[in-house]
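Participant: sequence plus predicted model, see below.
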Amino acid sequence: MLAQLYDDATKLNNEEEAAKYYRQVIREYPKSTFAEDAKAAIKNFGKTDEQLIQEFLKKNK
């Protein structure tokens, strides 16, 4: 998915562009698992690995 290339820190690393493409997926395929993944990706923008791990651990207690 193009959004993932923009989102990946080792590739294009542009969250603004990634968000644009993630929102497009949400708009065009709102009931798909891709839309759910896109929503999660947008929600996690700007978070460190440590923050993501802590959220995961908290959610899965």
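Facilitator: Perfect, I can see it now. Being a predicted model, the structure only gives us computed values, none of them experimental.
Participant: render the CA-only coordinates of the longest helix along the chain in CSV, please.
Facilitator: Of all the segments assigned as helix in the chain under DSSP state H, the longest by residue count is helix 15-28. What follows is helix 15-28, C-alpha atoms only, in CSV (Å, rounded to 0.1, in the frame of the first residue of the first chain):
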residue,chain,number,x,y,z
GLU,A,15,3.3,11.0,7.9
GLU,A,16,1.3,13.8,6.3
GLU,A,17,1.4,12.0,2.9
ALA,A,18,0.8,8.6,4.5
ALA,A,19,-2.3,10.0,6.3
LYS,A,20,-3.7,11.3,3.0
TYR,A,21,-3.5,7.8,1.5
TYR,A,22,-4.7,6.1,4.7
ARG,A,23,-7.8,8.4,4.6
GLN,A,24,-8.4,7.5,1.0
VAL,A,25,-8.5,3.8,1.9
ILE,A,26,-10.9,4.6,4.7
ARG,A,27,-13.1,6.6,2.4
GLU,A,28,-13.1,4.1,-0.5
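Participant: that one packs against which elements?
Facilitator: Contact here means 3 or more Cβ pairs under 8 Å, 6 or more residues apart in numbering; DSSP states H and E; on that basis helix 15-28 packs against helix 2-7, helix 33-43. Where you see a C-beta, it was placed from the backbone N, CA and C, and this is true even at glycine.
Participant: for the chain, name the helix or strand with the lowest mean pLDDT.
Facilitator: helix 2-7 (a mean of 69; mean pLDDT, DSSP states H and E).
Participant: which of the helices and strands packed on helix 15-28 is buried the deepest?
Facilitator: helix 2-7 (a mean of 18; mean count of other Cβ atoms under 10 Å).
Participant: many thanks, we can stop here.
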